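1. Provided below for reference: sequence and predicted model.
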Amino acid sequence: NAGVMQNPRHLVRRRGQEARLRCSPMKGHSHVYWYRQLPEEGLKFMVYLQKENIIDESGMPKERFSAEFPKEGPSILRIQQVVRGDSAAYFCASSPRAGGADQPQHFGDGTRLSIL
Amino acid sequence: DAKTTQPPSMDCAEGRAANLPCNHSTISGNEYVYWYRQIHSQGPQYIIHGLKNNETNEMASLIITEDRKSSTLILPHATLRDTAVYYCIVRVATGNQFYFGTGTSLTVIP
C-alpha cells in the first residue's frame, strides 16, 4: 500500500498523559499536513511541514501541541498533557511538492484519539 | 479562500447519476475548485479538481459554470459505496491548506 500511513488508528489516553501520532507520507512525497476533525465537524488545518522544517503552523494551538518531520522517519504530532477536548480524529495528508493550487493532498485514514 | 455553499444532504437512487451542487460566488481567478469525499471512519479521498474547464476522470465529472460562481460534481452511476460526505473546496494558489466546510451528506438508496 503506497498510501499515507498513520498509526496508531486508535489511541486512548488519560488526562495529563502524552499522545504521539505518527504519519508516513506517500512514497516520493516530502510535504506533510496535519488536520484535526472534531465530532460532526469538517477538518481543520493544523500544521504544514517539509523535511526538518515547519512551514506553516497557523492552525496549531499555542500550547501543548508540537509537530516534527525529521530527516529520517515519519512525521510526529505530539500532544502533551492531554485534556478531554483533545478527543478527535487527527488526519495527515501529503503532497509531492509545495502547495500550489493545482496540487491535491492525499490523506491517511487518521488516528482517533480518545481521552478518558 | 473563497467560501462555498453546499446542501447539507441529498439522496440518490442506486445506478442513477448523482449531481452535487456547490456555490462559490466569491471565487477568484487563481482559485481551483476541488472535490473530496469522506466515507465514515476514513480519511478524505481526493476526487477531482479544476480551474475553468470541465474535467472528467475515472471517478467523476466536474462541471464549472462559465462565470465560475458554481460547479457540479457528477457521479455518473452511483453505487451504495458512494454514500459519503462530499466536500467542495476552493483553494488559492499560494495556500498550504484545504478549508473543509460541512459538505453534503450523500445517501445512495438501493
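-> Sure, I can see it. Residues are numbered from 1 along each chain as shown, chains lettered A, B, ... in the order given.

2. Helix, strand, or coil at the spatially most central residue of chain A?
-> Centre of chain A computed as the mean C-alpha position; nearest residue by Cα atoms, centre = their mean is A:Trp34, 3.4 Å away. At A:Trp34 the chain is in strand, as set by DSSP: H, G, I helix; E, B strand; the rest coil.

3. If we ignore the residues flanking it in sequence, what's nearest the residue of chain A most remote from its centre?
-> Seen from the C-alpha centroid of chain A, the residue lying at the greatest distance (Cα atoms, centre = their mean) is A:Asp102, 21.9 Å away. Nearest non-adjacent residue to A:Asp102, counting by Cβ to Cβ, 6 or more residues apart in numbering or on different chains: B:Tyr32, 6.0 Å away. The C-beta positions use only the backbone N, C-alpha and C, and glycine is treated the same way.

4. beta partners for that neighbour?
-> Judged by DSSP bridges, the bridge partners of B:Tyr32 are B:Arg91.

5. Need the per-residue pLDDT for it.
-> At B:Tyr32, the model reports a pLDDT of 91.

6. same deal with the one 3 residues further on?
-> In this model, B:Trp35 is scored at 97, pLDDT.

7. wait, it sits on B:Gln45?
-> No - judged on Cβ atoms under 8 Å, B:Trp35 makes no contact with B:Gln45 at a distance of 9.7 Å.

8. which of the two has more neighbours?
-> B:Trp35 (24 against 15; other Cβ atoms under 10 Å in any protein chain shown).

9. and the strand or helix carrying the more buried one, what other elements does it pack with?
-> Assigned by DSSP states H and E, B:Trp35 belongs to strand B:32-38. With contacts taken as 3 or more Cβ pairs under 8 Å, 6 or more residues apart in numbering or on different chains; DSSP states H and E, strand B:32-38 sits against strand B:18-23, strand B:45-50, strand B:61-64, strand B:84-91.

10. now the angle from it to strand B:84-91?
-> 160 degrees (axes from the mean of the first three to the mean of the last three Cα atoms, to 10 degrees).

11. Excluding chain neighbours, what is closest to A:Val32?
-> Nearest one to A:Val32, counting by Cβ to Cβ, 6+ apart, is A:Ser75 at 4.5 Å.

12. Can you tell me how far that neighbour is from B:Gln97?
-> 15 Å (Cβ to Cβ, to the nearest Å).

13. Contacts only, for the residue nearest to A:Asp102.
-> Shown in contact with B:Tyr32 (Cβ atoms under 8 Å, 6 or more residues apart in numbering or on different chains): A:Ala101, A:Asp102, B:His49, B:Gly50, B:Leu51, B:Val90, B:Arg91.

14. same thing but 10 Å
-> Counting by Cβ atoms under 10 Å, 6 or more residues apart in numbering or on different chains, B:Tyr32 makes contact with A:100-104, B:49-52, B:64, B:89-93, B:95.

15. again with A:Ile54
-> Residues near A:Ile54 by Cβ under 10 Å, 6+ apart: A:Val47, A:Tyr48, A:Met60, A:Ser66, A:Ala67, A:Glu68, A:Phe69.

16. so what sits against both of B:Trp35 and B:Gln45?
-> Here B:Trp35 and B:Gln45 have B:Met59 as joint contacts, going by Cβ under 10 Å, 6+ apart.

17. near chain A, which residues of chain B show up?
-> B:1, B:30-34, B:36, B:38-39, B:41-51, B:85, B:87, B:89-103 (Cβ under 10 Å from any Cβ of the partner chain).

18. If anything else comes up later, I'll come back, but that's it for now.
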